[in-house]
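Participant: Provide a 3D model corresponding to the input given below.
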Amino acid sequence: MHAFATKSENIHSELRSQPESTHTISSINERLDRLSVDRSVWLAVLLVAIGGWFEFYDLFMTAYVGPSLVKSGIYSVTTASFFGVNGLGAFVAASFAGLFIGTFFLTRLADRYGRKTVITTSLLWYSIATFVMAFQDSAQMVNLWRLIAGIGVGVELVVIDTYVSELVPAHFRGRAFAFVHFIQYLAVPSVAFIAWWFEQHPLAAFDSWRVTTVIGAAGALAVWFIRRRVPESARWLAQKGRLLEADQIVKEGLQKSWR
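Facilitator: As a prediction, this is how the structure comes out:
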C-alpha cells in the first residue's frame, strides 16, 4: 500500500511538472510579445536590415555587372549552346542555381543551429565567395564562385525573415518587415549607380565589375562584425529546450543582449 501511494505521488508530481515546462516555453513568447518597442529593438532590426542591404546588393548585382563582364572579354553576349559556360547567361544561371540550392536544401540548418548563427555564417560565406570571384579571369571560375556565393545569399534570403519575426514583439512585426524590406531594396539603385559610376570613372586598371563586386563583399564583411552582437532568437532557444538562455535574453531585454 505504501509502495502504491509512493508511485501515485510520483505520477502526480510528473504531471504537475509538464504544464510548468509548457508554461515556461509559452511565457517566453508572451513576454517577448509584451516588450516595448524602444531604441534597442529598432537598433537590433536596423543591424539585421543593413546585412540584408548587402544581401540584395549581391543578388541584384548580377544584372549590373553583366556589361562589364562582357566588355572585359570573360563572357560573350550570347551562349553557344544550352550548357555553354562562356555566355553571360551562364553567369545568371549560376546565380540562380546557387539561390535554389541555398533556399531549398540548406535553410533547415537554421532550425538546428539557430537563426543568428546561420544568417551570420551565410553572410560571411557569400562575402568571401564574392570577394574571391572578383579576382577570377575565366568564365568557368567566375561561374563557380558565383554559384557558391548564391548558396549563401539563398540561405540568408529565407532565414533573415524568420529571425526578424522571432526577434520582435508580434504587434511590431508588420513595421519591422516594412523597415527591413525598405532598407534592403535601397541596395538596387545603389548597386546600379556604383556599377555605372565605375564604368564611367575607371579605378586604375580595374574593370568596373571587379570594383563593384569588391565593394559589396567588403561591406557585407564589415556588417558581419556588427551582426555578431545581435541576440539569438529567444523563441528558437525555448523551442530547443534552452529555457535558461531564452529567459536571460528576455529578462535583460534586447538592449543588454546585443551590447
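Participant: which residues does the nearest residue to Ser72 once chain neighbours are set aside contact?
Facilitator: Closest residue to Ser72 apart from its sequence neighbours, by CB to CB, 6 or more residues apart in numbering: Asp207 at 4.6 Å. For every residue, glycine as well, the C-beta is placed using N, CA and C. Applying CB atoms under 8 Å, 6 or more residues apart in numbering, one finds that Asp207 lies in contact with Ser68, Lys71, Ser72.
Participant: Just the ones in helices from the residues you listed, please.
Facilitator: The members of the contacts of Asp207 that map onto helices under DSSP state H are Ser68, Lys71.
Participant: Now do the same for Ser122: its pLDDT.
Facilitator: Per-residue pLDDT puts Ser122 at 91.
Participant: I figured it hits Glu156, correct?
Facilitator: Yes - counting by CB atoms under 8 Å, Glu156 is a contact partner of Ser122 at 4.2 Å.
Participant: Overlap in contacts, these two.
Facilitator: Common contacts of Ser122 and Glu156 (CB under 8 Å, 6+ apart): Gly102.
Participant: Please, which helix or strand holds the residue most central in space within the chain?
Facilitator: With distances taken as CA atoms, centre = their mean, Glu156 lies nearest the centre of the chain, 2.8 Å away. Following DSSP states H and E, one finds Glu156 within helix 139-167.
Participant: Just after that helix, pick out the following helix or strand.
Facilitator: From helix 139-167 onward toward the C-terminus, using DSSP H and E, the following helix or strand is helix 173-185.
Participant: What are the buried residues along that following helix?
Facilitator: Neighbour counts using 16 or more other CB atoms under 10 Å place Ala176, Phe179, Val180, Ile183, Gln184 of helix 173-185 among the buried residues.
Participant: With pLDDT and distance to Trp197 as extra columns, can I get those residues in TSV?
Facilitator: Formatted as TSV, the buried residues of helix 173-185 follow (pLDDT from 0 to 100; distance: CB to CB, whole Å):
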residue	pLDDT	distance to Trp197
Ala176	96	32
Phe179	97	27
Val180	96	26
Ile183	96	21
Gln184	95	21
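Participant: Let's have those in a markdown table, adding distance to Asp137.
Facilitator: Formatted as a markdown table, those follow (distance: CB to CB, whole Å):
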| residue | distance to Asp137 |
| --- | --- |
| Ala176 | 43 |
| Phe179 | 40 |
| Val180 | 37 |
| Ile183 | 34 |
| Gln184 | 31 |
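Participant: and which of these is nearest Glu252?
Facilitator: Distance to Glu252 across the buried residues of helix 173-185 (CB to CB) is lowest for Ala176, with 20.0 Å.
Participant: That closest one against Val168, yeah?
Facilitator: Yes - assessed by CB under 8 Å, Ala176 is found in contact with Val168 at 4.7 Å.
Participant: what's the overlap in contacts for the two?
Facilitator: Val45.
Participant: rewinding a little: mark which of the contacts of Asp207 are buried, thanks.
Facilitator: Here, 16+ other CB under 10 Å leaves Ser68 buried among these.
Participant: which residue ranges form the helices in the stretch 1-150 of the chain?
Facilitator: 2-33, 39-64, 66-71, 88-101, 109-113, 115-133, 139-167 (DSSP state H, counting those that start in this stretch).
Participant: Other residues contacting the third one?
Facilitator: Contact with helix 66-71 is made by 75-77, 88, 91-92, 142, 195, 199, 207-209, 212, as judged by CB under 8 Å, 6+ apart.
Participant: quick one: that helix to chain centroid distance?
Facilitator: In this view, helix 66-71 has its centroid 28 Å away from the chain centroid, taken as CA atoms, centre = their mean, to the nearest Å.
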